[in-house]
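Chemist: I'll drop the sequence and a predicted model, then ask my questions.
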2 protein chains.
Amino acid sequence: MGDHNARTRRRGEELISAIHKAVLEEVAEVGVARLTMDGIGKRAATPRTTLYRRWSDPVEVLLDALHHLHPVEEPTPGADDLRGDLIRALRLMVDWMLSPAGRAVAAILTDPQRTPQISQALFERVFAERGGTFTSTVLRHYAERGHFPIELLTPVVADIGEALVTKRMIDAAVPPSDDDLAAIVEQAILPAIGLGRTSS
Amino acid sequence: MGDHNARTRRRGEELISAIHKAVLEEVAEVGVARLTMDGIGKRAATPRTTLYRRWSDPVEVLLDALHHLHPVEEPTPGADDLRGDLIRALRLMVDWMLSPAGRAVAAILTDPQRTPQISQALFERVFAERGGTFTSTVLRHYAERGHFPIELLTPVVADIGEALVTKRMIDAAVPPSDDDLAAIVEQAILPAIGLGRTSS
DNA sequence: ACGGTAAGCTACAGCCGTGTACTTAAGCAA
DNA sequence: TTGCTTAAGTACACGGCTGTAGCTTACCGT
């Protein structure tokens, strides 16, 4: 009795990817701490029993979802525009941080109770797939072409852009504009690789 | 009946500051999301009823604790050692981030469900009390004494050190060493104010 | 067409945090 | 000492999430 759902019953792949999508959204919204089977089930429109058939607790679902994440897009350095490519790399980063996947990762990384297991799953699955950080891909490209000495591309320098963007995202409610990103590139990254503000 | 606690019953100031201490520890450990009256009460060794007499929910207790936080120590620039003073400022920051108060603030700032009210309370109470960020206090001091043009001390530049330290604290399990901080100062901050690695 | 597999659905007991009511007892001041 | 104030301690009903059980029903391969 009762109206059967107009939507057809989902199975296998389709159902699972719907659940993965749901966990990521859920964790981005409420955080790892408030993650519940109930919440995931409601968001994915599936009963908890279906979840328990495959996973034993919310974090398992989350880890599984991370394992199926599509790798993050990498910046593709252009011909001869270091400054522009850096800004585009940071823009890519900002967009990713605003996406469900990015917000999920942020929620996980900053959870006070995160375990080494979770951190490890994250780094293996989400970051290791990529060549490196957003800006370091660009920086390496230009260093190899002699735009600046590759010795200057230290771990610290490779992190400058990401660090400043991250801080902006935490401090301010509004995501950084292109002008903000340009300021980061010009005032922090370029000086660090010996390309001061004078050399346009 | 039963053994009365050997400890004398606490009242007023003493009790409240014990509760404040407890909330900060609790939130640093479990995060804002998992904050409960029960947890606070257990940690402060006081029944929930006492908490409800003054506050209506765990976040209220937290906000009240923040209002009673001692201001963070400010770096005191020395005579003529910009590099050393910057490192000391970052060390001060790291130590604070490792303290209960600092970890509490981190937990609050990164909570996916933080409200504007909470952010505002934080900034007013914890940050506004200070002159500025850790490194900017030092940087301003040396800029005013002509060590570098003050126009270079932009908001982005003032954030470089804090941003890199924060990222390090999130990424790595181990807090940065003095060498790490020195690398940040030399490779990121000093270049940004026009004092490259050449000028020692 | 049929039967197996797996998803949808409901129900239930258990645990934990909540918020309140009420009693007991310690500290403090007149 | 007396009495007011306030914390300690106990008890209870409520609600949400949990994990499981048992059943119904849709999908899908043979």
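Modeler: That came through fine. All of these numbers come straight from a predicted model, not from anything done at the bench. Numbering: from 1, shown residues only, chains lettered A, B, ... in the order given.
Chemist: for the rest of this, base every contact and every neighbour count on C-alpha atoms.
Modeler: Noted.
Chemist: for residue A:61, give me its contacts.
Modeler: For residue A:61, the contact set (Cα atoms under 8 Å, 6 or more residues apart in numbering or on different chains) comprises A:20, A:23, A:55.
Chemist: same question for residue A:101.
Modeler: Neighbouring residues of residue A:101 by Cα under 8 Å, 6+ apart: A:24, A:25, A:28, A:69.
Chemist: try it again with 10 Å
Modeler: Applying Cα atoms under 10 Å, 6 or more residues apart in numbering or on different chains, we find residue A:101 in contact with A:21, A:23-25, A:27-28, A:65-66, A:69-70, A:72, A:107, A:126.
Chemist: now the buried members of these.
Modeler: For the contacts of residue A:101, a burial check counting by 16 or more other Cα atoms under 10 Å in any protein chain shown picks out A:21, A:23, A:24, A:25, A:27, A:28, A:65, A:66, A:69, A:72, A:107, A:126.
Chemist: give me the nearest residue to the last one, chain neighbours excluded.
Modeler: In this case it means residue A:126. Excluding the flanking residues, the one nearest residue A:126 by Cα to Cα, 6 or more residues apart in numbering or on different chains is residue A:71, at 6.4 Å.
Chemist: ok, the one you found to residue A:125 distance?
Modeler: 8 Å (Cα to Cα, to the nearest Å).
Chemist: what about these two, which has more around it?
Modeler: Neighbours were counted for residue A:71 and for residue A:125 using other Cα atoms under 10 Å in any protein chain shown; residue A:125 has more, 18 against 13.
Chemist: now, which of the buried ones among the contacts of residue A:101 sits nearest residue B:170?
Modeler: Lowest distance from residue B:170 to those (Cα to Cα) belongs to residue A:107, with 11.6 Å.
Chemist: was I right about the closest one contacting residue A:62?
Modeler: No: using Cα atoms under 10 Å, residue A:107 makes no contact with residue A:62, being 11.5 Å away.
Chemist: what touches both of the two?
Modeler: Jointly contacting residue A:107 and residue A:62 under the rule Cα under 10 Å, 6+ apart are A:24, A:27, A:32.
Chemist: now for the one helix or strand in chain A whose mean pLDDT sits lowest, which elements pack on it?
Modeler: Lowest by mean pLDDT, DSSP states H and E among the helices and strands of chain A is helix A:116-122, with a mean of 86. Under the contact definition 3 or more Cα pairs under 10 Å, 6 or more residues apart in numbering or on different chains; DSSP states H and E, helix A:116-122 sits against helix A:58-67, helix A:100-109.
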